[in-house]
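[1] Got a predicted structure here, sequence first:
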Amino acid sequence: MTKALPAPSIDPSDAAAAAARFGAGAPADVRYAVLDTPAGRVVAAATTRGLVRLAYEDWNDGVDRIVEALAGSLSPRILEQPAALDAVARELDEYFAGRRRAFDLRLDWSLCTPFARRVLGAAQRIPYGQVATYGEVAERAGSPGGSRAAGNALGSNPMPIVVPCHRVVRAGGALGGYTGGVERKELLLGLEHAAIAP
Amino acid sequence: MTPPPFQRFLDEQREPVWRFLVASVGREHADDCFQETFLAALRAYPRLRDAENLRGWALTIAHRKALDHHRARARRPVPVDEVPEPPAGHHDVGDALDEQVAWARVRSLPPRQRAVLTLRFAGDFTHAQAAAALGCSEEASRQAQRDGLKTLRHTMEDD
């Protein structure tokens, strides 16, 4: 015998199937899914409290980096569990089909500072298909004159699309920036305008 | 060093853990032990201090679950693993069968010999790592390996 005892040969698909069975039901702290939308691929992540992150894949250095960041900021017990994000996927589909104007998802604001949460709350109150300026949103968030700080808070929105920071634009009529690129802001606003056009 | 996202840990360790469990408890019980292994790992994960050797950590947990499995079986009045019979005239599957027969025989060795051979040859542990997992000395691990392989050779030659 050259080797005293050969390691047992296995079928890698058996290991993959066992891992899938584990992943589907395991009590993770954070569950995520990779979703394809008309605005590009996003990573959606939820805790037991609700949706905590919606990240544009290309704008955040890819799925691995997004998942690593969530592991670091929330919990390393993070697993891919698409079934846990079914409601998010469904509501996004409806939104992009022009059939949904408001999201009914529970949200977990863990990744937001109190100030950011106030600013994003003000953005949430802008009706579908309409826009407000950074200054208006700052004022509604209780920080008149704080449009720059409000812009930063909107730029770090952990749940874009669902929390509609794309409805906040510059006072002069320019679109301003967007966490995902200004083309996406244009796409989302265009979709909403088209959906409400008579 | 903080541990990687658990999903990555699962992706990277599923095959080593599966191979180890197929060896130590057999294919038909591997899935139960696999589920218990990763559930225990998930529970302990936030408290994990040393993320350097995640494979060793995962296999040490798998080893404990295999031990639980063997203890539970020893308490129940069920026959020990049955050695698969080689089908006549199928030479192409000979190697795979030899291997299955060998591991089935490993599973009926005394607990420490069984554990050392499994950790060493299915888990690729050093004697130091095997000794740490078993709570014995390295010399005891070496001795158990020698005894186990000797028994194995005798039983194989008896065929």
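    That came through fine.

[2] and the residue nearest the centre of chain A, helix, strand or coil?
    Averaging the C-alpha coordinates of chain A gives a centre point, and the residue nearest to it by CA atoms, centre = their mean is A:Leu54 (1.0 Å). Following DSSP: H, G, I helix; E, B strand; the rest coil, A:Leu54 is assigned to strand.

[3] check contacts around the residue lying closest to it once chain neighbours are set aside.
    By the measure of CB to CB, 6 or more residues apart in numbering or on different chains, the closest residue to A:Leu54 outside its immediate chain neighbours is A:Met159, 4.7 Å from it. (C-beta placed from N, C-alpha, C; glycine too.) Applying CB atoms under 8 Å, 6 or more residues apart in numbering or on different chains, we find A:Met159 in contact with A:Leu51, A:Val52, A:Arg53, A:Leu54, A:Leu107.

[4] if I read this right, A:Pro164 contacts A:Pro127, doesn't it?
    No - look at A:Pro164 against A:Pro127 with CB atoms under 8 Å: they stay out of range, at 9.4 Å.

[5] Which one's more surrounded, those two?
    Residue environment comparison for A:Pro164 versus A:Pro127 gives the larger neighbour count to A:Pro164, 26 against 13, counting by other CB atoms under 10 Å in any protein chain shown.

[6] So the more buried one versus chain B, what's the distance?
    Distance, A:Pro164 to chain B, by CB to the nearest CB, to the nearest Å: 29 Å.

[7] got it, and A:Val42?
    17 Å.

[8] my hunch is that that residue is in a strand, does that hold up?
    Yes - per three-state DSSP, A:Val42 lies within a strand segment.

[9] residues in contact with the residue most central in space within chain B?
    Compute the mean C-alpha point of chain B, and by CA atoms, centre = their mean the closest residue is B:Ser24, 3.5 Å away. Shown in contact with B:Ser24 (CB under 8 Å, 6+ apart): B:Cys33, B:Ala62, B:His63, B:Ala66, B:Arg107, B:Arg114, B:Ala115, B:Thr118, B:Ala122.

[10] so what secondary structure elements neighbour the worst-scoring helix or strand of chain B on mean pLDDT?
    Using mean pLDDT, DSSP states H and E, the weakest-scoring helix or strand in chain B turns out to be helix B:94-107, at a mean of 83. Counting contacts by 3 or more CB pairs under 8 Å, 6 or more residues apart in numbering or on different chains; DSSP states H and E, the secondary-structure elements packed against helix B:94-107 are helix B:6-25, helix B:111-121, helix B:138-158.

[11] can you do 10 Å?
    Counting contacts by 3 or more CB pairs under 10 Å, 6 or more residues apart in numbering or on different chains; DSSP states H and E, helix B:94-107 packs against helix B:6-25, helix B:27-44, helix B:54-75, helix B:111-121, helix B:138-158.

[12] For the longest one, name the packing helices and strands.
    Of the remaining helices and strands, those touching helix B:54-75 by 3+ CB pairs under 10 Å, 6+ apart are helix B:6-25, helix B:27-44, helix B:94-107, helix B:111-121, helix B:127-134.

[13] now the last one
    In terms of contacts (3+ CB pairs under 10 Å, 6+ apart), helix B:138-158 is packed against helix B:94-107, helix B:111-121, helix B:127-134.

[14] Listing request: residues of chain A with sub-threshold pLDDT.
    Counting by pLDDT under 70, the low-confidence segments of chain A come to A:1-3, A:198.

[15] one step back: on the pLDDT front, check the residue nearest to the centre of chain B for me.
    What the model reports as pLDDT for B:Ser24 is 95.

[16] How is chain A partitioned into domains?
    According to the domain assignment given by automatic domain parsing, chain A is divided into the following structural domains: A:21-96, A:114-196.

[17] Would you agree B:Val17 is in contact with A:Ala18?
    Yes - the criterion here is CB atoms under 10 Å, and B:Val17 meets it with A:Ala18 at 8.6 Å.

[18] shared neighbours of the two, which are they?
    B:Leu10, B:Ala30, B:Cys33, B:Phe34, B:Thr37, B:Phe38 (CB atoms under 10 Å, 6 or more residues apart in numbering or on different chains).

[19] The third one reaches B:Arg27, doesn't it?
    Put plainly, it is B:Cys33. No - using CB under 10 Å, B:Cys33 is not in contact with B:Arg27; the gap is 11.1 Å.

[20] when you check chain A, which of the shared contacts of B:Val17 and A:Ala18 turn up near it?
    The subset of the shared contacts of B:Val17 and A:Ala18 within reach of chain A, counting by CB under 10 Å from any CB of the partner chain, consists of B:Leu10, B:Ala30, B:Cys33, B:Phe34, B:Thr37, B:Phe38.

[21] Let me have these in a markdown table, extended by neighbour count.
    Converted to a markdown table, those look like this (neighbours: other CB atoms under 10 Å in any protein chain shown):
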| residue | neighbour count |
| --- | --- |
| B:Leu10 | 22 |
| B:Ala30 | 27 |
| B:Cys33 | 27 |
| B:Phe34 | 26 |
| B:Thr37 | 28 |
| B:Phe38 | 28 |
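
[22] would you list these in TSV and tack on distance to A:Ala171?
    Formatted as TSV, those follow (distance: CB to CB, whole Å):
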residue	distance to A:Ala171
B:Leu10	49
B:Ala30	64
B:Cys33	64
B:Phe34	59
B:Thr37	59
B:Phe38	54
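
[23] If we only consider the residues you listed, which is nearest to B:Thr2?
    Of all those, B:Leu10 has the smallest distance to B:Thr2: 16.5 Å, by CB to CB.

[24] tell me the contacts of the closest one?
    Applying CB under 10 Å, 6+ apart as the definition, the contact partners of B:Leu10 turn out to be A:18-20, A:22-23, A:26, A:79-80, B:17, B:38, B:41-42, B:58.
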